[in-house]
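*Asks:* Fold the stuff below for me.
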Amino acid sequence: MTTTVATVNVNGKITGERDAVVSVFDHGFLYGEGVYEVVRTYNASPFLLDRHLARLRQSAAMLILDVPLTGDQLAARIMETIAHAVKQMGSDPIYSGEWYIRILLTRGVGELSYDPALCAAPTVVVIVKPLAEPPAELYTKGVRVIVSSVMRNHPDSVNPMIKSNNLLNNALAMQEGFKQGAFEVIMRNYKGELAECAQSNFFIVKDRRALTPPLSAGLLPGITRAFMWEVGKAAGIEVSEMTLLDEDLYNADEVFLTGTTREVMPIVEVGDRKIGDGAPGPVTRALMTEFRKMARSRDAR
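*Replies:* Next up, the predicted model:
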């Protein structure tokens, strides 16, 4: 049996995870100057890849960071890495046939200085590993989250719209969640409004409407979050933005989170409070079903 490890592509060189190397003088390591995307496959095909690569470019532009490859070149590099990963997996029975893909772009190797002109060229890393699907019971029973005391970055400091490799804000919030046995944490912005989860976006359901905080609340424009408008239209459920406060969350009929690898996941408890009757609600279940149907359809690509 082959060990289920990652296949890594660093600037075009493909190796196993143990042999993948990035310099300690890379500014992504030294200063957190980099951006990333996470993509998953359905039917072994990267889902919504064009949208992920467009957001990668948008994030990079906000760091004044060049993307050295075209979209087609990045896609080709991803598929080349997947092809090597397929060979590595062989007949491993653990492998489901689907992949987790992480694309990282950093400022590159340079001097011990903040000056980007001293970096030779950006570093491009593609990590591919077998997708570990969340346990099925998380979708049938739901998960518990907390509202974190860690405030989301102020947009005038490190803008949350940048999908940055510098995830300290998120990591600190999740540490709080782990200590309290929570699956995920919801973060407020500097105004006290709810913004997003540390690793996901979230929606509340009120009167059969799915509502999520607006981008102006200071949050990452999630690819799955945006796709929910298409899912909602197909399912006959209104999806819209609305400024949300703690009381909106606690008084919601249903709550769910969205993310690339988590799809649509019910939240049934926030802190010590049950949401609704403490079970995944009908709107969440309908959106979950429709999402999976669309994601697995070739037409969705």
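*Asks:* What helices and strands are in contact with the biggest helix by length in the chain?
*Replies:* The single longest helix within the chain, with elements called by DSSP state H, is helix 71-89. Packing partners of helix 71-89 (3 or more CB pairs under 8 Å, 6 or more residues apart in numbering; DSSP states H and E): strand 7-10, strand 13-16, helix 49-62, strand 99-106, strand 123-130. All C-beta atoms are positioned from the backbone trio N, CA, C, and that covers glycine.
*Asks:* Show the secondary-structure elements that the longest one is packed against.
*Replies:* The criterion is 3+ CB pairs under 8 Å, 6+ apart, and the helices and strands that helix 49-62 contacts are strand 34-42, helix 71-89, strand 99-106, helix 223-235.
*Asks:* Name the surrounding residues that touch the longest one.
*Replies:* Where contact means CB atoms under 8 Å, 6 or more residues apart in numbering, the residues beyond helix 71-89 that reach it are 2, 4-9, 12, 14, 16, 39, 41, 44, 46, 49-50, 53-54, 56, 67, 69, 95, 99, 101, 103, 124, 126, 128-130.
*Asks:* just stretch 51-67 next, same as before
*Replies:* Contacts for stretch 51-67 (CB under 8 Å, 6+ apart): 33-39, 46, 71, 74-75, 103, 105, 107, 116, 122, 159, 161-164, 221, 223, 226.
*Asks:* What ranges in the stretch 1-150 of the chain fall below the confidence cut-off?
*Replies:* Scanning the stretch 1-150 of the chain for pLDDT under 70 picks out the ranges 1-4, 90-96.
*Asks:* do that again at 80, thanks
*Replies:* Low-confidence segments of the stretch 1-150 of the chain, defined by pLDDT under 80: 1-4, 89-96.
*Asks:* before we move on, the earlier item: in the longest helix of the chain, what counts as buried?
*Replies:* In terms of neighbour count (16 or more other CB atoms under 10 Å), helix 71-89 has its buried residues at Leu74, Arg77, Ile78, Glu80, Thr81, Ile82, His84, Ala85, Gln88, Met89.
*Asks:* and if you look at stretch 142-162?
*Replies:* 142-148, 150-153, 155, 160-162.
*Asks:* So which of the residues you listed belong to helices?
*Replies:* Going by DSSP H, the helices hold none of these.
*Asks:* which one of the residues you listed is nearest Arg292?
*Replies:* Arg292 lies nearest to Gly142 out of the buried residues of stretch 142-162, by CB to CB, at 16.6 Å.
*Asks:* quick one: contacts for the closest residue to the closest one other than its chain neighbours?
*Replies:* When the adjacent residues along the chain are set aside, Gly142 lies closest to Val268, with 3.2 Å between them (CB to CB, 6 or more residues apart in numbering). Contact analysis of Val268 by CB under 8 Å, 6+ apart lists Lys141, Gly142, Val143, Arg144, Val255, Lys274, Ile275, Gly276, Gly278, Ala279, Pro280.
*Asks:* how about these in CSV, adding distance to Lys191?
*Replies:* Formatted as CSV, the contacts of Val268 follow (distance: CB to CB, whole Å):
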residue, distance to Lys191
Lys141, 33
Gly142, 29
Val143, 26
Arg144, 26
Val255, 21
Lys274, 27
Ile275, 23
Gly276, 27
Gly278, 30
Ala279, 32
Pro280, 30
